[in-house]
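In: okay, structure incoming, though there's no sequence with it:
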């Protein structure tokens, strides 16, 4: 029973909950946890009745257990313990889930006792990776039933992210490469393994993830070197030389033809040949790591125990590099370091980092011993060493999630198995069979104890599955129904579903509350205030305040609560909501002094109060923090315009446009109104021409431009614009006809 449930768990990487938030991670985790919790009931019964199934001591077991304990210790010392224990909604990490991976490993090494068991498990793992790869290939099509389809340039299979998918496929392809050289393989098995290796390698190439491509190449090179060492193979030496030559040729090609059409016209080649450390995506990684190191080195406590698992966003925000913000849509929140080694060091300190490194160090040490033993297991050691090296390189540029953990800990279990087999003392077959076929009978007292323990475990497992998996799924689904209702313009229905989701009060509530706040803000800002909208905003504010109370050192909940107060107080300069907004945003600024958007919120609070001087001061500070962002200068200029400082205002607005700030329709409208009052018709024409480039289908803009053209004496242009307005909207034709005739022109 347990064996088959472990095989079932190997299929978890294929799970997608398409109607849920985080569809590629949420479903995998809740299903995996439920499987492990059910398995644990049977496992407890098994080891109580048969001591021989208890795991044997091993350096592999101790290092994994050591990391799980380090995870637990740093959760206890975490700055936000709830987040460390449960993890965030998007990737479902945290201590609670991590112990499930350890239990998965423990049960696997306990019940898989033969090569047949392990090779079946590894075959299933490889087969599942093939299915995920094929699903990824489908994302290059327009098949509607494939999540993520639509002629996608970079595929992500069933994992949901190109880099994470690449890591998952890397592990599986090196497993396939390792098992291809298994001496006892049949012809069919060898074909299966080489086919899997090629398909998974193609999948990795199609992700265009440079760190993973590097890991693939280096891993293959390491395998060729080790195989040559193990077998004294001339073919392996030639393969090793071939890999080196290919690396040199590829790098040379990328450098020589970097600016040629063949690379510049191919998004794929342009990406994979971008070796410059000054590329923006590369720089953001360095900035994130730098922020993490600054947070880690703040004091001895943080250096030893870190900020707590799943809390990388806290030191990242505290030491935020303003260069991340380059305008609307900028990625300004890194909840992970995009480097597992930096992630572990910052969030778990030296306690977690040393424990994490030990898993790799001792696994490689044992595999090296096996390789040198030149036993039948040496070939597996060569393959698994190359797998771990590739995995470490890959993890230097990204992080782990459920699918990667499942495969890696399966590999770790296999390392445990071959390590024990390579050292095992051979027991006489007769004695071994006798021990196997005649297990010691259990005493009735022990039987009663085991039965009672199993029943208690079953009750606990049922409770956990309901509370942490089923209810979590219900809350998640209610949130997506709220989102769908919002898309359908059903404000009442959307708010009702958001209320349902937060009422479950389950892990993920942090994100559900923020989604509620964001929706209420967007709707409240775009529509005239009504009683229903006001009540929804107040409810969203109460939920945002809960996030503030539960995450006191996280700046983001303060900004959500501040923005809601700003919307509630925008029509009343003396409203207490404006004072509360400033109080909250000032606290956010204290927590993240260089976060540019916080300065916008503070400035907006002062604008609500009619204090243009203070508003300008904070927009100016935002501009100084990130001087290449035109948006800050535009906001600053608009504030100066409201204050009556016209010359300074337009100087700042001009600066904004020189820094690639693209005017919105509202921006154009504000400027047009100003220049009409100044009777500067030439500037009005220029602005309407720009406005039409933004929205060429709006008839009113063409009609207004026609009027402006007529005032400058450009009659033919005026007629053309009037006719165009009538073509776009038939209701404009009578007025346009009269206008054209008033100019002495024929309609």
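Out: On my side now, so go ahead. Everything numeric here is computed off the predicted structure, so don't read it as measured data.
In: just name the shakiest helix or strand of this structure by mean pLDDT.
Out: The weakest-scoring helix or strand in the chain, judged by mean pLDDT, DSSP states H and E, is helix 429-437 (a mean of 45).
In: residue 614 contacts residue 606, correct?
Out: Yes - between residue 614 and residue 606 there is a contact under C-beta atoms under 8 Å: 4.2 Å. Quick note: C-beta positions are derived from backbone N, CA and C, even for glycine.
In: ok, the two, which is more surrounded?
Out: Shown here are residue 614 and residue 606; by other C-beta atoms under 10 Å, residue 606 has more neighbours (21 against 16).
In: pLDDT of the helix or strand hosting that one, averaged?
Out: Residue 606 belongs to helix 596-608 when elements are defined using DSSP states H and E. Computed over helix 596-608, the mean pLDDT rounds to 96.
In: for stretch 64-71, same thing?
Out: On average, stretch 64-71 scores 98.
In: what's next to that stretch, contact-wise?
Out: Residues from elsewhere that reach stretch 64-71 (C-beta atoms under 8 Å, 6 or more residues apart in numbering): 95, 98-99, 102, 105, 309, 348, 351-352, 354-356, 358-359, 409, 412.
In: how about stretch 330-346?
Out: So stretch 330-346 is contacted by 88, 90-91, 284-285, 288-289, 291-293, 295-296, 306-307, 310, 312-313, 315-317, 320, 324-325, 352-353, 356-357, 395-400, 556, 595-597 (C-beta under 8 Å, 6+ apart).
In: filter those to the buried ones?
Out: By neighbour count, with 16 or more other C-beta atoms under 10 Å, these hold 88, 90-91, 284-285, 288-289, 291-292, 295-296, 306-307, 310, 312-313, 315-317, 320, 324-325, 352-353, 356-357, 395-400, 556, 595-597 as buried.
In: which residues touch residue 491?
Out: Contacts of residue 491 by C-beta under 8 Å, 6+ apart are 523, 532, 533, 536.
In: so which of those wins on neighbours?
Out: residue 536 (24 neighbours).
In: does that residue touch residue 527 like I think?
Out: No - Residue 536 lies out of contact with residue 527 (C-beta under 8 Å); the separation is 10.8 Å.
In: tell me which of the contacts of residue 491 fall in helices.
Out: Among the contacts of residue 491, the ones falling in helices (DSSP state H) are 523, 532, 533, 536.
In: quickly note the distance from the closest residue to the first one other than its chain neighbours to residue 533.
Out: Distances taken as C-beta to C-beta, 6 or more residues apart in numbering put residue 491 closest to residue 523, at 5.8 Å, once the chain neighbours are dropped. When distances are taken as C-beta to C-beta, to the nearest Å, residue 491 and residue 533 turn out to be 8 Å apart.
In: anything in contact with each of those two?
Out: Taking C-beta under 8 Å, 6+ apart as the criterion, residue 491 and residue 533 both touch residue 523.
In: how about residue 82, what does it touch?
Out: 507, 550.
In: where's it, which helix or strand?
Out: helix 81-86.
In: got it, and residue 291?
Out: Going by DSSP H and E, residue 291 is in helix 280-296.
In: for the record, mean pLDDT for the helix or strand just after that helix?
Out: On the C-terminal side of helix 280-296, the closest following helix or strand by DSSP H and E is helix 300-305. In this model, helix 300-305 carries a mean pLDDT of 97.
In: and helix 300-305, what does it pack onto?
Out: helix 280-296, helix 340-373 (3 or more C-beta pairs under 8 Å, 6 or more residues apart in numbering; DSSP states H and E).
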